[in-house]
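Trainee: next one to model:
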Amino acid sequence: MVATAGVWKRKREDLKHKRDSLFETYAKDPQNIHLASEIKAIDDEIADCTQHIEQERRAEQRASVAPKAVPTLK
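Mentor: Residues are numbered from 1 along each chain as shown. Just a heads-up that it's a prediction; the model follows:
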């Protein structure tokens, strides 16, 4: 699971860099609706990645807290 979380984090960071770059351009031309919609789509992808990371973090916590199977003695 850790490897998958790392993939989502990397994707989120890449998206953040792309979004920041677009936002700098948009800040100079706030009438550019195309840039605004592109930034919105990237924001949605970032939120999706964050959600996946949180789900995996919770799954890891549950796995570490789950009781271990105890062998029965016969």
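
Trainee: helix or strand for residue 19, which one?
Mentor: Here residue 19, judged by DSSP states H and E, is contained in helix 2-28.

Trainee: just the buried residues of that helix, please?
Mentor: For helix 2-28, the neighbour count (16 or more other Cβ atoms under 10 Å) marks 5, 8, 11-12, 15, 19, 22, 26 as buried. (C-beta placed from N, C-alpha, C; glycine too.)

Trainee: what residues are up against the residue nearest the centre of the chain?
Mentor: The C-alpha lying nearest the average C-alpha coordinate of the chain belongs to residue 49 (Cα atoms, centre = their mean; 2.3 Å). Residues in contact with residue 49 (Cβ atoms under 8 Å, 6 or more residues apart in numbering) are 8-9, 11-12, 15.

Trainee: what mean pLDDT does whichever helix in the chain runs longest get?
Mentor: Taking DSSP state H as the criterion, the chain has its longest helix at helix 33-65. Across helix 33-65, the average pLDDT comes to 94.

Trainee: lowest pLDDT pick from the buried residues of helix 2-28?
Mentor: Taken together, the buried residues of helix 2-28 show their lowest pLDDT at residue 5, with 76.

Trainee: so how far is residue 54 from that residue?
Mentor: Separation of residue 5 from residue 54 (Cβ to Cβ, to the nearest Å) stands at 10 Å.
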